[in-house]
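A.B. asks: I'd like to go over a predicted model; first the sequence, then the structure.
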Amino acid sequence: GPRIPHSVGIMMGLLGTPLTGREALYLGVATHLIAKDKIPQLLLAAPRHKGAPAELLAPFAATAGDVEGTPDARGGEVLPHLEAIERCFSQPTVGEVAAALGR
């Protein structure tokens, strides 16, 4: 099945590290990001919407294309450290992950 790139999914599973919305978009975990100030408008539009969910979300959302190539973590813990995350969490065993983290 699909995997979160750069071994981020393994790190999240082992450490419980959360992603910011922008990180989720950048890594392909999310398809849309709704700004907090647009949620009330979205909630008003939702009951009247008859089409696909993506059509409802599109006018209110930033998409992966909006953040692609711009790993701006905005306070996140993941994107600024992708290289180290991949190096440490791509190890084949938990023991080797622990050893890589200690280096």
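C.D. replies: Yes, it's here. Numbers count the residues shown, from 1 in each chain.

A.B. asks: need the residue closest to the centroid of this protein.
C.D. replies: Ala24 (1.2 Å; C-alpha atoms, centre = their mean).

A.B. asks: show me what secondary structure element comes after the helix or strand where that one lies.
C.D. replies: Per DSSP states H and E: Ala24 is located in helix 21-27. Note on helix 21-27: by DSSP H and E, the next helix or strand toward the C-terminus is strand 32-34.

A.B. asks: given that following strand, what are its sheet partners and their directions?
C.D. replies: strand 61-63 (antiparallel) (DSSP bridges).

A.B. asks: what's the weakest-modelled helix or strand in the chain?
C.D. replies: helix 64-67 (a mean of 63; mean pLDDT, DSSP states H and E).

A.B. asks: C-terminal to that helix, what's the next element?
C.D. replies: helix 82-89.

A.B. asks: what packs against that next one?
C.D. replies: helix 8-15, helix 94-102 (3 or more C-beta pairs under 8 Å, 6 or more residues apart in numbering; DSSP states H and E). Every C-beta, even on glycine, is put in place using the N, C-alpha and C of the backbone.

A.B. asks: now it: buried residues?
C.D. replies: Leu82, Ile85, Cys88, Phe89 (16 or more other C-beta atoms under 10 Å).

A.B. asks: now the protein, which segments are flagged as low pLDDT?
C.D. replies: Applying pLDDT under 70 to the chain picks out residues 1-2, 63-75.

A.B. asks: near the closest residue to Ile4 other than its chain neighbours, how many other residues are there?
C.D. replies: Leaving aside its sequence neighbours, Ile4 sits nearest to Leu27 (C-beta to C-beta, 6 or more residues apart in numbering; 5.5 Å). When neighbours are defined as other C-beta atoms under 10 Å, Leu27 has 20 of them.

A.B. asks: please name every helix or strand in contact with the helix holding Ala24.
C.D. replies: By 3+ C-beta pairs under 8 Å, 6+ apart, helix 21-27 packs against strand 32-34, helix 64-67.

A.B. asks: if we go to 6 Å?
C.D. replies: Judged by 3 or more C-beta pairs under 6 Å, 6 or more residues apart in numbering; DSSP states H and E, helix 21-27 is in contact with helix 64-67.
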